[in-house]
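Chemist: would you be able to build a 3D model of this:
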Amino acid sequence: MKNSYLSILFFGLVAISSCEDAGQDEFTDQKKQKLSVQDREAYETKLKEFTLFMGEVFKDPEARRELFDFAKIEGNENDVLV
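Modeler: Purely as a prediction, here's the structure:
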């Protein structure tokens with residue numbers, strides 16, 4: 001069970017750190033307009049599911065401790081903002 005939390009935590013960290021990509025500025029208004037309403041709804045549904053999933057993971061004190069300990073490792077200071 002502990003290994004599954006580690007895997008989930010790793011996945012969460014990857015997802016969080018990928019949201020801070022400096023290349024996001026290149027996402028122009030024209031590209032935003034190309035997204036259909038259906039694509040946006042599917043994205044929002046997946047985001048809600050992921051949020052609920054991560055909420056369940058972070059109910060575990062061990063998972064939260066591991067996340068914040070990961071942030072204390074040299075080089076990871078900006079990966080997890082407290």
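
Chemist: buried set for the helix or strand containing residue 43?
Modeler: Counting by DSSP states H and E, the element that carries residue 43 is helix 37-57. Neighbour counts over helix 37-57 (16 or more other Cβ atoms under 10 Å) mark 54, 57 as buried. C-beta coordinates here come from the backbone N, C-alpha and C atoms, glycine included.

Chemist: output the contacting helices and strands for it.
Modeler: helix 2-18 (3 or more Cβ pairs under 8 Å, 6 or more residues apart in numbering; DSSP states H and E).

Chemist: give me the number of residues near residue 63?
Modeler: Number of residues near residue 63 (other Cβ atoms under 10 Å) recorded here: 19.

Chemist: who are the packing partners of the helix or strand hosting it?
Modeler: In this assignment (DSSP H and E), residue 63 forms part of helix 61-72. Packing partners of helix 61-72 (3+ Cβ pairs under 8 Å, 6+ apart): helix 2-18.

Chemist: below-threshold pLDDT in this protein: ranges please.
Modeler: 1-6, 9-35, 37, 80-82 (pLDDT under 70).

Chemist: how close does residue 63 sit to residue 8?
Modeler: Going from residue 63 to residue 8 by Cβ to Cβ, to the nearest Å gives 7 Å.

Chemist: repeat for residue 70
Modeler: From residue 70 to residue 8 the distance is 13 Å (Cβ to Cβ).

Chemist: those two - which one has more neighbours?
Modeler: Comparing residue 70 with residue 8 by neighbour count (other Cβ under 10 Å), the higher total belongs to residue 8, at 17 against 14.
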